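Peer 1: structure for this input, please:
(one chain, ligands or ions: 1)
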Amino acid sequence: MQCNPREILISPDFVSPLEEKNIFYELIKQRRSTRKFKKQPIEKEKIDQLIEAALRSPSSKGFNPWRFIIVNRSELLEKLAAAKPHGSSFLARAPLGIVVCADPLVSDVCIEDASIASTFIHLAAQSLGLGSCWIQIRKRNHTPSKSADNYIKDLLHIPDNIMIESIIAIGYPDAVKKGHPKRNLEYDKVSFNRFSAKD
Ligand SMILES: Cc1cc2nc3c(=O)[nH]c(=O)nc-3n(C[C@H](O)[C@H](O)[C@H](O)COP(=O)(O)O)c2cc1C
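Peer 2: Sure thing, here's the model as predicted:
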């Protein structure tokens with residue numbers, strides 16, 4: 001039997017008692033990517049919490065193949081912001097960037113592990129009243145002849161064998177963005193027990 005989740009969910013405005021006062025749901029309902037930051041620096045305690053969140057992320061077989069580089073020097077952030085021609089310039093105006101790296105010699109699924117760690121940092125930032133945005137590095141180019149990954153390796157003295165997954169730009173948000181309304185969620189991409197073609 002094929003179930004359409006739209007038939008199961010009472011209405012897009014329905015708030016389940018399971019969601020009410022649940023800090024995780026409150027967090028993800030408000031979560032958005034932030035690219036505009038205040039000049040305000042981030043307190044050391046909050047940076048410590050972000051680092052702890054990254055290190056608490058799960059990894060395949062517990063191999064923890066990630067490495068994190070915390071960048072808070074503005075001249076370095078400006079250089080990192082130029083890692084690729086699009087989608088990274090806002091890092092120059094962020095007070096903090098966390099470069100998430102992965103070691104393929106430690107785990108064959110280090111990309112998944114580094115992605116999860118990037119997400120943990122993104123959500124931890126939100127929980128601390130900070131905004132953040134993922135900047136994709138893996139498979140992106142700095143120039144047609146140089147990868148974004150190689151550009152950053154030169155800048156931060158990262159060994160050749162290490163992969164760079166992302167940079168998470170973090171800071172106090174300069175503007176409030178509303179979370180996505182529940183009615184916009186793509187429930188038609190969810191099916192029970194078998195794949196369901198979209199109409
Ligand atoms: C894997 C991944 C790569 C992303 N890369 C970039 C990027 O390079 N630059 C950028 O500005 N945003 C990037 N984003 C943020 C997305 O653009 C953003 O999550 C998406 O537009 C949805 O907006 P929201 O996060 O506000 O819901 C990335 C997000 C993910 C998950």
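
Peer 1: which strand in the protein runs the most residues?
Peer 2: If you go by DSSP state E, the chain has its longest strand at strand 163-171.

Peer 1: so for it, what's the average pLDDT?
Peer 2: Strand 163-171 carries an average pLDDT of 98.

Peer 1: repeat that for stretch 133-152.
Peer 2: On average, stretch 133-152 scores 98.

Peer 1: what about it, near the ligand?
Peer 2: Yes: counting by Cβ under 6 Å from any ligand atom, contacts between stretch 133-152 and the ligand involve 133-136. All C-beta atoms are positioned from the backbone trio N, CA, C, and that covers glycine.

Peer 1: can you measure across stretch 151-160, start residue to end residue?
Peer 2: 11 Å (Cα to Cα, to the nearest Å).

Peer 1: buried ones in that stretch, by neighbour count?
Peer 2: 151-153, 156, 158 (16 or more other Cβ atoms under 10 Å).

Peer 1: let's see which of those end up in helices.
Peer 2: 151-153, 156 (DSSP state H).

Peer 1: in JSON lines, list those along with distance to residue 162.
Peer 2: Below are those laid out as JSON lines (distance: Cβ to Cβ, whole Å):
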{"residue": "151", "distance to residue 162": "14"}
{"residue": "152", "distance to residue 162": "10"}
{"residue": "153", "distance to residue 162": "8"}
{"residue": "156", "distance to residue 162": "10"}
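
Peer 1: flag the shaky bits of this protein, pLDDT-wise.
Peer 2: 1-13, 198-199 (pLDDT under 70).

Peer 1: same thing but at 80, please
Peer 2: Applying pLDDT under 80 to the chain flags the ranges 1-21, 198-199.

Peer 1: how about the helices in it?
Peer 2: Using DSSP H, helices in the chain cover 5-8, 23-30, 44-55, 74-81, 110-127, 148-156.

Peer 1: contact residues of this protein facing the ligand?
Peer 2: Going by Cβ under 6 Å from any ligand atom, the residues of the chain near the ligand are 32-33, 35, 87, 133-136.

Peer 1: closest one to the ligand out of the ones in helices among the buried residues of stretch 151-160, please.
Peer 2: residue 152 (13.0 Å; Cβ to the nearest ligand atom).

Peer 1: next up, the contacts around the closest one.
Peer 2: Taking Cβ atoms under 8 Å, 6 or more residues apart in numbering, we find residue 152 in contact with 80, 83, 99, 137, 158, 164, 167.

Peer 1: nearest residue to residue 96 in space, ignoring adjacent ones along the chain?
Peer 2: Closest residue to residue 96 apart from its sequence neighbours, by Cβ to Cβ, 6 or more residues apart in numbering: residue 170 at 4.4 Å.

Peer 1: can you name the residues bridging to that neighbour?
Peer 2: residue 96, residue 132 (DSSP bridges).

Peer 1: isn't it up against residue 50?
Peer 2: Yes: contact criterion Cβ atoms under 8 Å: residue 170 and residue 50 qualify, at 7.0 Å.
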